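Asks: next input, structure requested:
(one chain, ligands or ions: 1)
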Amino acid sequence: MAQSRLQKLAAYLRPHWQQVAQGILALFIVNALGVYIPIEIRNTVNDLQEILKSHLGFDRILQAVVLLLVLATVMWGIRVGSRLLIFGVGRQVEFDLKQKIFQHLLKLEPAYFAKNTAGDLINRATSDVDNIRRLLGFAVLSLANTLFAYGLTLPIMLWINWKLSIAALAVYPFMLLIVQLFSDKLRTQQLAVQEELSNLSDLIQEDMSGISLIKIYAQEENERRAFSQLNERLLQANLQLAKTRTTLFPLVEGMAYISLLVLLWLGVGAIAQGSITIGGFLALIIYVERLVFPTALLGFTITTYQRGEVSIDRVESILTAEPKINDEADAISLPLAQVKGKLEARGLSYTYPGAKTRALNNISLKIEPGETVAIVGPIGSGKSTLANALPRLLNIAEGSLFLDGYDITELKLADLRSAIAYVPQESFLFSTTIKNNIRYGDPVAEQPIVEHSAKQAQIHQEILYFPQQYETIVGERGITLSGGQRQRSALSRGLLVDAPVLILDDALSSVDNQTATAILSNLSTGTERKTVVFISHQMSAAASCDRIFVMDKGEIVQSGTHAELVQQKGLYQSLWNQQKLEELLR
Ligand SMILES: Nc1ncnc2c1ncn2[C@@H]1O[C@H](COP(=O)(O)OP(=O)(O)OP(=O)(O)O)[C@@H](O)[C@H]1O
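Replies: Below you'll find the predicted structure:
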């Protein structure tokens, strides 16, 4: 797993390898200069001793000071450049990952979004991607830095005085060991923080969507309490993490000072014995100091890696989620112009993942092109499930549903879905103009086409009363439409794409019976008739359809025209009588 995470990181970096290589080269130059500067200081200090003894001129010192200034400035400039390059790669990877996640989410079926909450997905696409960005920028920078710092500095230190160097650096492996000891704890604590953050995002998202419900049921206090509990858990998780980190970092720092003390203590004796010059000793102090940062950085990289590891897994779990509904390699193409609109189910069954009973049980039916059929039945009888199965929003078995004689699991998904306009129970509107909402399926549709479908859905007149008519923004950032207006806007959207098959899943429930019947009869007149599947509890509108299928407990229990069904003893008759009675009592 660890290796595969590293492979993942390498894969994220691959497209930007040139920038990574330039950054690493710059770091190499910085480190080479960092090794050369103390040598120059050593020589200068040793020269200074000679100069002081012989009272010679200070020109040599002046030259060295100017040289050191120039070198330090160049080193600073290149260091800034290397950071910009390497941190820039982190930003690029962040951009790539966000693109990939969004593209992949679009490929996944609705069932995936029922399993994974929006808050959690948003969190993965933002804070987890952010962790990976930090990990990459930081890890590349610090690994290269540590490698070059040790690779170039250590040989010189050993050359100056190997005994002193080893004694001074003896503490450094313990520094890494301590970081290692803390790393597991840091990892679980980081995971806990991320989970608490997801829970909190979920609650905010849900409460903001259901704000009216909270107010109607006067549940503000309960929601406030639930939020404060989750927030408290997040705080505790963050505090635990901070505690571990704040214990670790001073420990690392303290060990660096121990190393310096060891060097000072042993160094004085070495100078007295003459085994090292003052210049050499000074250079060693600078080198030991120089190695504190890369060593500590390596320690921090380990912890950043722990944090990033969790995030890599969380992001990868989205990217590796296999879309369950997609095109087969040899998917059949069915151009829109050729679609007649004949629908057929042959022994169609469907069980929701985790459910004990079938939502659809051995359904067989045939709907001819241009027919308007109604599907009625009690609550939970499987009507919406059937509606969702037709455009393959559910993962149904092959050989059970057919469009124009083609098994829909063998058709190209894009072709199947452009042949079927589906208006779902929940009429979702985007926060944009009413015009853009209506032409969502064909964003370049001209105004007359938009108006035509609005007229068919009987919403045109009302839109003319909106503040900016068709340009009025609706939804979260605009005006609020009534339930009936939302439904008819969603219906215009379904009608605009002019698909040969139209499925209305309780899509006119907020529209009165008369208007619903008028809309339906408008759809079933004209030369190019659509196949309409009208799922509804509105019995009088359903009665106007060519044929009616009656569903109960996932099965089709009756079918025929209204005139036939209303005569038969059975579910249809009782549903019809029940509604008539309700109308009388109203
Ligand atoms: N996502 C789901 N996961 C599990 N079970 C589900 C899911 N959606 C629906 N069901 C179950 O499948 C059965 C059929 O539901 P469906 O929504 O198709 O009924 P319906 O006839 O459209 O009901 P209504 O008239 O209330 O819209 C019900 O028992 C329902 O609880």
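Asks: contact partners for the closest residue to D313 other than its chain neighbours?
Replies: In this structure, D313 finds its nearest non-sequential neighbour in R5, 7.5 Å apart by Cβ to Cβ, 6 or more residues apart in numbering. The way it works is simple: take the backbone N, C-alpha and C, and place the C-beta from them, glycine included. Taking Cβ atoms under 8 Å, 6 or more residues apart in numbering, we find R5 in contact with E309, I312, D313.
Asks: looking at this, the first one is in a strand?
Replies: No - going by DSSP: H, G, I helix; E, B strand; the rest coil, the assignment for E309 is helix, not a strand.
Asks: hmm, T188 and it touching each other?
Replies: No - with contact defined as Cβ atoms under 8 Å, E309 does not reach T188; the gap is 11.5 Å.
Asks: who has more neighbours out of the two?
Replies: Between E309 and T188, counting by other Cβ atoms under 10 Å, E309 is the more crowded of the two (23 against 14).
Asks: ok, now how distant is the more buried one from L141?
Replies: Using Cβ to Cβ, to the nearest Å, we find E309 at a distance of 18 Å from L141.
Asks: which strands and helices sit next to the host helix or strand of I312?
Replies: Assessed by DSSP states H and E, I312 sits inside helix 278-319. If contacts are counted by 3 or more Cβ pairs under 8 Å, 6 or more residues apart in numbering; DSSP states H and E, helix 278-319 sits against helix 2-13, helix 17-54, helix 59-107, helix 129-169, helix 172-209, helix 220-273.
Asks: out of those, which is closest to M551?
Replies: helix 172-209 (30.1 Å; Cβ to Cβ).
Asks: over the closest one, what's the mean pLDDT, rounded is fine.
Replies: Mean pLDDT, helix 172-209: 82.
Asks: give me the pLDDT for L69.
Replies: For L69, pLDDT reads 90.
Asks: how close does it sit to A114?
Replies: Distance from L69 to A114, by Cβ to Cβ: 65 Å.
Asks: please apply the same query to I325.
Replies: Counting by Cβ to Cβ, the gap from I325 to A114 is 14 Å.
Asks: list the contacts for V511?
Replies: Q458, G484, Q487, R488, I519.
Asks: so the fourth one sits against Q458, correct?
Replies: Yes - using Cβ under 8 Å, R488 is in contact with Q458, at 6.0 Å.
Asks: name the residue in the two with the higher neighbour count.
Replies: R488 (29 against 19).
Asks: name the nearest residue to the more buried one, sequence neighbours excluded.
Replies: Nearest non-adjacent residue to R488, counting by Cβ to Cβ, 6+ apart: I459, 3.9 Å away.
Asks: my read: the one you found touches S489, true?
Replies: Yes - I459 lies in contact with S489 (Cβ under 8 Å); the separation is 5.9 Å.
Asks: at the contact with the ligand, which residues of the chain appear?
Replies: Applying Cβ under 6 Å from any ligand atom, we find that the chain lies next to the ligand at 114, 352, 355, 359, 377, 379-385, 506.
Asks: before we move on, back to that, now do the residue nearest to D313, the pLDDT please.
Replies: R5 is given a pLDDT of 78.
Asks: for F148, same thing?
Replies: 89.
Asks: likewise S400?
Replies: 91.
Asks: spit out the contact partners of it.
Replies: A345, R346, G347, L348, S349.
Asks: I'd like the distance between the second one and the ligand.
Replies: Right, the one you point to is R346. 19 Å (Cβ to the nearest ligand atom, to the nearest Å).
Asks: and that residue, what element?
Replies: Using DSSP H and E, R346 falls in strand 343-350.
Asks: quick one on the thing from earlier: the more surrounded of I325 and A114?
Replies: Set I325 next to A114 and count neighbours by other Cβ under 10 Å: I325 wins out with 18 against 10.
Asks: report pLDDT for the residue lying closest to the more buried one once chain neighbours are set aside.
Replies: Leaving aside its chain neighbours, I325 sits nearest to E109 (4.6 Å; criterion: Cβ to Cβ, 6+ apart). The model reports E109 with a pLDDT of 84.
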